[in-house]
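Student: Here is the input, now give the coordinates:
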Amino acid sequence: MKYIAILLPTLLLSANAAAAIKLNNQQARNMDDVHSLGVIYINHNFATEHDADEALNDEADAHSAKYYRAEFTHEPGSNGNLHASAFIYR
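Tutor: Predicted structure coming up:
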């Protein structure tokens, strides 16, 4: 039982370590050693940038990306809904 108490936090920390890292525009321009994997699009309307960013992070992880740079577009004429996309890198 003692081993489970030690192993569980270790597994949780290692799972979070695999998450893609969000870059801002300046960081993305200064990354010389990365390989572009393309662009991902999330086809949902999001109420907040935080919700959209979480979805982009999950999608970047699904594409085995180490980094992503998020782009949010406000839909004209809506109640502030966002469309989300991201450039992903390895």
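
Student: OK, contacts around the most centrally placed residue in the chain?
Tutor: The centroid of the chain falls nearest to residue 57 when counting by CA atoms, centre = their mean (1.9 Å). By CB atoms under 8 Å, 6 or more residues apart in numbering, the residues touching residue 57 are 19-20, 22, 68. The way it works is simple: take the backbone N, C-alpha and C, and place the C-beta from them, glycine included.

Student: Mind checking which of the residues you listed are buried?
Tutor: For the contacts of residue 57, a burial check counting by 16 or more other CB atoms under 10 Å picks out 20, 68.

Student: Nearest to residue 48 among the contacts of residue 57?
Tutor: Using CB to CB, residue 22 comes nearest to residue 48 of the contacts of residue 57, at 15.2 Å.

Student: what are the bridge partners for the closest one, then?
Tutor: Here residue 22 sits in beta bridges with residue 68, as judged by DSSP bridges.
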